[in-house]
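Peer 1: Please work out how this folds:
(chains A and B)
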There are 2 protein chains.
Amino acid sequence: MADQELLFAPLGGAGEFGLNLNLYGLDGQWLMVDLGISFADETLPGAEIILPDPGFIAERREDLCGLILTHAHEDHFGAVPYLWQRLRCPIWCTRFTAALLRRKLEEVDLRDVPVHVIEPGERFQVGPFDCCLLRVTHSIPEAHNLALRTPLGNLLHTGDWKLDPAPLLGSLTATDDLEAFGREGVLAMIGDSTNILTPGTSGSEAEVRDSLLELIGPMRRRVVLTTFASNVARLDTAMKVAQAVGREVAVVGRSMRRMIDAAREVGYLEDMPLLLDERSAAELPRERILWLATGSQGESRAALARIATGNHPSVRLEPEDVVIFSSKIIPGNERVIYGLHNLLVSRGIEVITQEDHFVHVSGHPCRDEVEQMYRWIKPRISIPVHGEARHLHEHAALARSLGVPEPVQVRNGDLVRLAPGRAEVVDQVPTGRLVIENDELIEAGDDLFRARRRLMAHGTVLVGLVLDRYGTLLASPNLSAFGAVDLDRVPGLRDAVMADIEEAIEALDDDAATNDERIREAGRVAVRRAFRLARDKRPIIEIQITRLDREDLDALMDDAGAA
Amino acid sequence: MADQELLFAPLGGAGEFGLNLNLYGLDGQWLMVDLGISFADETLPGAEIILPDPGFIAERREDLCGLILTHAHEDHFGAVPYLWQRLRCPIWCTRFTAALLRRKLEEVDLRDVPVHVIEPGERFQVGPFDCCLLRVTHSIPEAHNLALRTPLGNLLHTGDWKLDPAPLLGSLTATDDLEAFGREGVLAMIGDSTNILTPGTSGSEAEVRDSLLELIGPMRRRVVLTTFASNVARLDTAMKVAQAVGREVAVVGRSMRRMIDAAREVGYLEDMPLLLDERSAAELPRERILWLATGSQGESRAALARIATGNHPSVRLEPEDVVIFSSKIIPGNERVIYGLHNLLVSRGIEVITQEDHFVHVSGHPCRDEVEQMYRWIKPRISIPVHGEARHLHEHAALARSLGVPEPVQVRNGDLVRLAPGRAEVVDQVPTGRLVIENDELIEAGDDLFRARRRLMAHGTVLVGLVLDRYGTLLASPNLSAFGAVDLDRVPGLRDAVMADIEEAIEALDDDAATNDERIREAGRVAVRRAFRLARDKRPIIEIQITRLDREDLDALMDDAGAA
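Peer 2: Residues are numbered from 1 along each chain as shown, chains lettered A, B, ... in the order given. Below you'll find the predicted structure:
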């Protein structure tokens, strides 16, 4: 990296993946902003979470001056416990994020991570960067825009944000500071594109509170409300509504309890009601309790899934009880969540969602809010991040329409030179995804997943052959099949297949019979033919060959006989 | 089945699955209405289409007087080619459906299926049922409500429908006939619930045509329009719009060409423009062509997916060309379709969807239309079908609110007595799903899918052991792993695991060493330990044992040596 260049590289949140790892470079030094996880989809069977591959910066970690966390959502800070050992850099964040981070680090026994707790609005230096976190509203307390001042220009990295005029918990957006930063002159804004396809504004938590009050007020049955555990304002809303309508509150779901603890530790939720113990809550009359439950995305091990299936130890619902999904459906979770709705409805339980009632607002800015931000910041360059390609494209088009001279579309791995000169992609840096598998980090491109994708569609057939050195079968072939063909559905199939394999091996000429690879090939062909596999069926057919030598055997068997 | 009972049983479309097989019973005889397929989701890895299990009625096929097809959507008639052999009953449908059915039956060499082509409005007798198909609008030509007249009461089975005031192709809904049927008195309406959660009306094809004309008119680039192949009115719309704006039309995608052929065969699309050959179309200037393409649901082998990846032989798009998704996203397809959008957008191609422009209307009735139908039909009983539990529940609630005395919520397999007496579920009949696997029909509950679900998450480890009768290993264990652990990632892992297995086998006492089951158990434990598998990792660990006897070996080896 040449001196006197201001660089930016997104390694996770631009164009795909939806996990955040951003790098800013100046004077041969790097600053990292956010380090998040995401959830694996069906293209990585068996994987649960995915992480950005930090390889590029890990190899340069002596030049990495620090990591700034804009807020405590998993897709922005969830990878720290897994990847910090590879980076070993100091971390800056505000109190609430630090409280949650400390809990996470303790779980993995990381106790020597230097975490600097800063105040919003405070200037702090990380390497060559003069940094300042500016308060914004979002769906978690303490979200921030990051203002970076450098000799080559000022930058605003928005993180996740919205303009909630009445967030009810935490601070309002520091609009004065944003306007002032804009007046200083901003070279580039690197910004959230999540809701760029949605016109208007994202709405306010206060409106949700009013709506929930009106909705729950007349109810005379049990109410379960589920939302994202990190949406502390929504938890506060649910508790305030419960108090107002004369209901007690109990919380089911560890992540929600942990979030409440962390929030209280740093001074939020101070006036919240006393929460009831699960067992006591279960004894209350139906109309006197509001349950707060995890599992709004249909997570199979979360409280709500267990409630829906009737397997929750404390929360037992009856017909006409109500479940409120105070949340959105994250794309990809539709089937699972609708499955939960169906399960509840078929038990006579009323399901209320964002689709039929006003019970949720998004934490990301819709188009009007994004436009407002551009009016404040007036950047020369706009780099849309936090979104899929279709969002980034639309965001760049909007920026252009608002008169931003240089909207730049990037994708993960692009290295952008912001200054000097026109902004442009000058290089590619290595990027990728990691997966936690059997407690280890492996690459998402690992053969493991290729094998699983094949196994899930085609299964596997295993043939064991014991041969002497000349290729004579010393025993009948051993045959197993999983997920490929049911050997026992057709009577006689197993014997027929074994006979076919035996025949194929015996038919080999002497050359082939002494060549393991040719035997394997003959075995695979015999298996395909014997099972009459259709052309599009491609099970993994494994032919294991054990060669036995007469001399070795004699020795072994003499030993065994003697024993 | 007792005489003088009027019965109804949904075997596929009520509460889950989304494929249709409905049975009506009277006087010991059965009438089947529709027989559809659906697409497998990730719970049935490797499967593509699913069919309703016709076992219950196949066992009684001498009492099955016939099958009536309301229309030619796959989820209503797609299973006929696969299941007719088990039913062998006559089929009634109108001309367009018959034209498509004949093509399907020819593909599977079924040439002796008796298909009675009837006219809408015509009365025809199937067993004890006096039947009549009444024209309704939908997203395919020739959709019908089925009116059944019986001595125990009249029934209206709606099939799929909407009230399109200007469908542009095919007939208007036969509202007079529906009103007249209502005045005759209707015992039960068995009706479509797909859009019951959507207020208002579903809109008209004419509105889509106007909107597309306005949208495409000013475009000066290539336009690709994708929609459901069976939406012949939409194909007509696209062609008319192309003509109006001076573009030629070419069709890519077999299913769309087949649909156009069938439509023309029975008299639709008579005034359509001449379609261009793919190659000629590719040579036209960008602003002179409109491509009609299959693949609106992101199907990986359809034309649009190949266009998006740049692998289509004829359709080559450049930046600023436009792809219009004149279709909805079927739930569950979000990720794949958004993936296509992203791919196109990242190539600079403009993507237009229902989310940002008015380019599609649904073929199912929204709430206002459903209410209108109840006002015409005034049934005593309402049985919501065609939907998941949440839709059926909402539909039943709407029917109740409209004064229907007996809304009945059913799910697949419920046998409902409609008359005499109050409607009630009186029994359960066997129901289930079949899957086509390796060209055979197997049950969706087959172990094959259980094995695949486990393989996709955990993979498999295969160990081959060759032992003598006393349990002495005659060779090193053979070891393979797929999708479980990468044996070659950690140097020495393979040898270490083999040594551990060997050790575990050798440590067995004499009793265990002669017992295959105990050896397998020891092998599995050794594999888990050697790989340090986390508790939640559950690969299929298969231990194949070959036992060799000294006498057999001697004989074999003598033969081999002599050969």
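Peer 1: surely A:G332 meets B:E334?
Peer 2: Yes - counting by Cβ atoms under 8 Å, A:G332 does reach B:E334; the two are 6.3 Å apart. No exception for glycine: its C-beta is placed from N, CA and C like everyone else's.
Peer 1: pretty sure A:A534 is in a helix, no?
Peer 2: No - counting by DSSP: H, G, I helix; E, B strand; the rest coil, A:A534 falls outside a helix, being coil.
Peer 1: Surely it is in contact with B:N438?
Peer 2: Yes - A:A534 lies in contact with B:N438 (Cβ under 8 Å); the separation is 5.1 Å.
Peer 1: Bridged to A:L225, which residues?
Peer 2: Here A:L225 sits in beta bridges with A:L292, A:I324, going by DSSP bridges.
Peer 1: Please report how far it lies from A:Y268.
Peer 2: Remark: distance between A:L225 and A:Y268 (Cβ to Cβ, to the nearest Å) = 18 Å.
Peer 1: if you look at stretch A:424-440, does any of it touch chain B?
Peer 2: Yes - using Cβ under 8 Å from any Cβ of the partner chain, stretch A:424-440 reaches chain B at A:438-439.
Peer 1: And the contacts of that stretch?
Peer 2: Stretch A:424-440 has contacts (Cβ atoms under 8 Å, 6 or more residues apart in numbering or on different chains) with A:9, A:11-12, A:17, A:19, A:40, A:44, A:46-53, A:55-56, A:82, A:408, A:410, A:412-417, A:441-446, A:448-449, B:485, B:531-534, B:537.
Peer 1: Show me those residues that map onto strands.
Peer 2: A:9, A:49-52, A:414-417, A:441-443 (DSSP state E).
Peer 1: Show me which of the residues you listed are buried.
Peer 2: Neighbour-count burial (16 or more other Cβ atoms under 10 Å in any protein chain shown) applied to those gives A:9, A:49-52, A:414-417, A:442.
Peer 1: pLDDT on stretch A:56-76, on average?
Peer 2: Here stretch A:56-76 scores 97 as its mean pLDDT.
Peer 1: Span of it from start to end?
Peer 2: 18 Å (Cα to Cα, to the nearest Å).
Peer 1: for that stretch, the distance to its chain's centre please.
Peer 2: The chain centre lies 17 Å from the centre of stretch A:56-76; the measure is Cα atoms, centre = their mean, to the nearest Å.
Peer 1: List the buried residues in it.
Peer 2: A:56-57, A:60, A:64-76.
Peer 1: which one among the residues you listed gets closest to chain B?
Peer 2: A:D75 (16.7 Å; Cβ to the nearest Cβ).
Peer 1: next one: phi and psi at the nearest residue to the closest one once chain neighbours are set aside?
Peer 2: Among residues not flanking A:D75 along the chain, A:G36 sits closest, at 3.9 Å (Cβ to Cβ, 6 or more residues apart in numbering or on different chains). Backbone torsions for A:G36, taken as degrees, to the nearest 10, come to phi -110, psi 170.
Peer 1: and what of the one 4 residues further on?
Peer 2: Main-chain torsions, A:A40, degrees, to the nearest 10: phi -70, psi 140.
Peer 1: what residues does the stretch 301-450 of chain A put near chain B?
Peer 2: Counting by Cβ under 8 Å from any Cβ, the stretch 301-450 of chain A comes close to chain B at A:331-332, A:334-335, A:338, A:341-343, A:345-346, A:351, A:355-356, A:388-390, A:393, A:411, A:438-439, A:442, A:446-449.
Peer 1: mind running it again at 6 Å?
Peer 2: Proximity of the stretch 301-450 of chain A to chain B, by Cβ under 6 Å from any Cβ of the partner chain, involves residues A:331-332, A:334-335, A:341-342, A:345-346, A:388-390, A:393, A:438-439, A:448.
Peer 1: contacting residues for A:D368?
Peer 2: By Cβ atoms under 6 Å, 6 or more residues apart in numbering or on different chains, the residues touching A:D368 are A:200-201.
Peer 1: Next up, phi/psi of it, please.
Peer 2: Torsion angles at A:D368 (phi, psi; degrees, to the nearest 10) stand at phi -60, psi -40.
Peer 1: And it, how close does it get to chain B?
Peer 2: 16 Å (Cβ to the nearest Cβ, to the nearest Å).
Peer 1: of A:A534 and B:N438, who's got more company?
Peer 2: Using other Cβ atoms under 10 Å in any protein chain shown, the more surrounded residue of A:A534 and B:N438 is B:N438, with 17 against 13.
Peer 1: Wait, a strand at A:I543?
Peer 2: Yes - the assignment for A:I543 by three-state DSSP puts it in a strand.
Peer 1: Show me what it bridges to in the sheet.
Peer 2: Going by DSSP bridges, A:I543 forms beta bridges with A:V463.
Peer 1: And for it, the neighbour number?
Peer 2: 23.
Peer 1: my guess is it meets A:V463, correct?
Peer 2: Yes - under the criterion of Cβ atoms under 6 Å, A:I543 makes contact with A:V463 at 4.9 Å.
Peer 1: which residues are in contact with both of those two?
Peer 2: Shared contacts of A:I543 and A:V463 (Cβ under 6 Å, 6+ apart): A:G523.
Peer 1: Distance-wise, check A:E207 relative to A:S139.
Peer 2: Counting by Cβ to Cβ, the gap from A:E207 to A:S139 is 14 Å.
Peer 1: With A:I216 instead?
Peer 2: Separation of A:I216 from A:S139 (Cβ to Cβ): 20 Å.
Peer 1: Those two - which one has more neighbours?
Peer 2: A:S139 (27 against 21).
Peer 1: isn't that one right up against A:S362?
Peer 2: No - taking contacts as Cβ under 6 Å, A:S139 lies outside contact range of A:S362: 7.4 Å.
Peer 1: Tabulate the buried ones among the ones in strands among the contacts of stretch A:424-440 (JSON lines), appending pLDDT.
Peer 2: Compiled in JSON lines, these are given as follows (pLDDT from 0 to 100):
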{"residue": "A:A9", "pLDDT": "97"}
{"residue": "A:I49", "pLDDT": "92"}
{"residue": "A:I50", "pLDDT": "95"}
{"residue": "A:L51", "pLDDT": "96"}
{"residue": "A:P52", "pLDDT": "96"}
{"residue": "A:D414", "pLDDT": "97"}
{"residue": "A:L415", "pLDDT": "98"}
{"residue": "A:V416", "pLDDT": "98"}
{"residue": "A:R417", "pLDDT": "98"}
{"residue": "A:I442", "pLDDT": "92"}
